[in-house]
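Asker: Structural data only, the sequence is not supplied:
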């Protein structure tokens with residue numbers, strides 16, 4: 001599953017949970033805020049997982065990235 005598909009799935013799940021909260025009764029601002037925070041944090045975790053193998057390229061003292069992992073990610077995202 002490529003990165004955009006994963007982000008799309010995460011966004012759809014978040015939208016479904018927000019819709020479920022709104023169907024339960026009057027909108028609860030705290031529940032909506034919590035759902036928005038969880039969705040944002042989930043997306044950032046996904047982005048972090050996708051970029052972790054190449055993160056060392058931007059840090060001066062980090063080890064070099066595993067090129068096999070980077071190549072596999074590149075081909076998986078197509």
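Answerer: Now that the structure is in, tell me what you want to look at. The shown structure was predicted, so the numbers you read here are calculated from the model rather than taken from an experiment.
Asker: contacts and neighbour counts: CA atoms only from here.
Answerer: OK.
Asker: Residue 46: neighbour count?
Answerer: The number of residues packed near residue 46 is 16, by other Cα atoms under 10 Å.
Asker: Counting by contacts, list what the lengthiest helix in the chain packs against.
Answerer: Taking DSSP state H as the criterion, the chain has its longest helix at helix 29-51. Counting contacts by 3 or more Cα pairs under 8 Å, 6 or more residues apart in numbering; DSSP states H and E, helix 29-51 is packed against helix 3-23.
Asker: and if we set it to 10 Å?
Answerer: In terms of contacts (3 or more Cα pairs under 10 Å, 6 or more residues apart in numbering; DSSP states H and E), helix 29-51 is packed against helix 3-23, helix 67-76.
Asker: where's the residue nearest to residue 14 when sequence neighbours are not counted relative to residue 71, distance?
Answerer: Excluding the flanking residues, the one nearest residue 14 by Cα to Cα, 6 or more residues apart in numbering is residue 39, at 5.8 Å. Using Cα to Cα, to the nearest Å, residue 39 is found at 29 Å from residue 71.
Asker: which regions of this protein sit below the pLDDT cut-off?
Answerer: Applying pLDDT under 70 to the chain flags the ranges 1-7, 12-13, 15-26, 56, 77-78.
Asker: ok, now with 90
Answerer: Filtered on pLDDT under 90, the chain yields the residue ranges 1-28, 31, 47-78.
Asker: what's the neighbour count on residue 39?
Answerer: Per other Cα under 10 Å, the neighbour tally for residue 39 reads 20.
Asker: Check residue 71 too.
Answerer: For residue 71, the count of nearby residues is 10 (other Cα under 10 Å).
Asker: if we can go back for a sec, against residue 62, how distant is the residue nearest to residue 14?
Answerer: Computed with Cα to Cα, the distance linking residue 39 and residue 62 is 30 Å.
Asker: what do you get for residue 45?
Answerer: Using Cα to Cα, we find residue 45 at a distance of 20 Å from residue 62.
Asker: again with residue 42
Answerer: Taking Cα to Cα, one finds residue 42 at 26 Å from residue 62.
Asker: Looking at those two now, which is surrounded by more residues?
Answerer: residue 42 (16 against 10).
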